[in-house]
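In: predicted model, plus sequence, below.
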Amino acid sequence: MKKALSCVLGLLLNLALCGAVSAEGTWTMHSYQEAAYEALTGNQETGWKDDKGTTDPNYEYGGYVMTSCEGASATFEFTGTGVRWLGATHSSRGWADVYIDGALAEEGVDQTGDLVYMTPIFEITGLAAGKHTIKIECQSGGSDKLTEISAFEVLDDGGSAAPPDNGGADTTPPDNGDSDTTPPDNGGNDTGNSGSNVGNTTTGDAGIAAFAMMGLAVAAALAVIRRRK
């Protein structure tokens with residue numbers, strides 16, 4: 001009996017974990033070279049230095065950029081609902097301000113700490129689906145404290161796009177002059193509200209499937225218990 005109950009609990013745990021993973025969405029990695037760097041001078045004291053020739057296996061794209069020049073910035077454009085800036089934490093790293101779509105998202109992001117490669121330095125999620133920018137601006141210049149960018153990760157969780165800006169235009173439908181706007185006869189076909197729940201279809205089906213699997217697991221466990229009695 002204990003073994004059967006353990007099986008049920010294991011199945012339920014797996015279902016819960018699977019649901020958490022699928023709900024998060026998919027993170028896709030992008031090279032640091034996809035960003036636009038202001039003052040890519042090759043000298044970390046006057047701008048960004050691209051160390052793309054590194055043989056260090058800890059870097060996914062065979063390199064990284066770094067700067068200790070205050071005000072040096074990098075801008076990465078992406079399409080999704082979230083983004084991560086990946087870099088290395090270390091005692092030689094410093095601080096940077098991060099902007100999302102031109103607005104300050106976090107001031108003085110701290111990159112100091114124990115040495116860890118390709119780790120998230122900054123992350124934001126919950127953006128409207130569509131194009132966005134992340135701008136990283138070094139704020140620790142002149143102190144030998146580096147800002148490093150190793151890669152970016154972009155989240156696509158199937159979120160909804162922001163409604164278009166109509167510039168304040170009046171969107172009130174025009175007066176039809178009392179003309180008959182009765183919809184045409186569809187020949188008896190029920191068109192109801194088909195498609196009105198398209199945005200929730202995946203989530204609803206997944207929830208139904210999860211409950212069905214849970215029910216099957218419980219039924220199987222009870223059958224095992226009855227047989228052993």
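Out: Right, received. Where do you want to start?

In: from now on I want contacts and neighbour counts done on CA atoms only, so please keep to that.
Out: Noted.

In: what's the weakest-modelled helix or strand in this structure?
Out: helix 2-24 (a mean of 41; mean pLDDT, DSSP states H and E).

In: what about the strands in this structure?
Out: In the chain, the strands defined using DSSP state E lie at 26-31, 36-37, 49-50, 65-67, 73-80, 82-89, 95-100, 103-110, 116-124, 130-138, 147-149, 151-156.

In: what residues does the last one touch?
Out: Residues outside strand 151-156 that contact it (C-alpha atoms under 8 Å, 6 or more residues apart in numbering): 25-32, 60-61, 64, 78-87, 118, 125, 129.

In: which one of the strands of the chain lies nearest to D56?
Out: Nearest to D56 among the strands of the chain is strand 116-124 (10.3 Å), distances taken as C-alpha to C-alpha.

In: so where is this structure shaky, pLDDT-wise?
Out: For the chain, the stretches with pLDDT under 70 are 1-24, 53, 141-143, 159-229.

In: mind giving me the domain split of it?
Out: Domain ranges of the chain: 1-25+201-229, 26-156, per automatic domain parsing.

In: the longest one: end-to-end distance?
Out: Just to be clear, that refers to domain 26-156. End-to-end distance of domain 26-156 (C-alpha to C-alpha, to the nearest Å): 5 Å.

In: residues contacting H90?
Out: Here H90 is in contact with 111-116 (C-alpha under 8 Å, 6+ apart).

In: what about 6 Å?
Out: Taking C-alpha atoms under 6 Å, 6 or more residues apart in numbering as the criterion, H90 is in contact with 112-115.
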